[in-house]
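1. coordinates for the following, if possible.
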Amino acid sequence: MSKKAAAGVNYKKYKNFNRYVNQHIKKLAELNNLPGEISYYWARHSFATNSIRKGASMEFISEALNHSDLNVTKGYFAGFEDETKKEFADKLMEF
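-> Numbers count the residues shown, from 1 in each chain. Okay, here's the model as predicted:
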């Protein structure tokens, strides 16, 4: 099998797994009266947002999400709320 064909097979496996996980997340959301928009992506984004709010480093989050580059992780926070940024900056100045 060529590299291109193998990449196509791997991509299909990834998409199928993602679909499978999303279906189960949606079922769990329904059972717990949570919004229906919940997905694999939403869960990853929520993990990253909650981690940064709890003081985790970008490097930790980047590694936990298995990002190839720290800039990918920084993209998650490009639109981070200004108030949250201010609160976090204030905490950094507490000695």
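
2. can you pull out the helices in this protein?
-> Assigned by DSSP state H, the helices in the chain fall at 3-31, 40-53, 58-64, 70-76, 82-92.

3. any buried residues in the longest one, and which?
-> Think helix 3-31. By neighbour count on 16 or more other Cβ atoms under 10 Å, the buried set for helix 3-31 is 22, 25-26, 29. Every C-beta, even on glycine, is put in place using the N, C-alpha and C of the backbone.

4. and for the third one?
-> By neighbour count with 16+ other Cβ under 10 Å, helix 58-64 contains the buried residues 58, 61-62.

5. what's the pLDDT at residue 94?
-> Confidence at residue 94, expressed as pLDDT, is 77.

6. swap that for residue 21, please
-> Turning to residue 21, the model gives it a pLDDT of 91.

7. which ones are touching residue 62?
-> Counting by Cβ atoms under 8 Å, 6 or more residues apart in numbering, residue 62 touches 69-70, 72-73.

8. okay, now the unreliable bits of the chain?
-> Low-confidence segments of the chain (pLDDT under 70): 79-83.

9. outline the domain layout of it.
-> Using automatic domain parsing, the domain ranges for the chain come out as 1-34, 39-95.

10. just how off-centre is the shortest one within its chain?
-> The reference is to domain 1-34. 15 Å (Cα atoms, centre = their mean, to the nearest Å).
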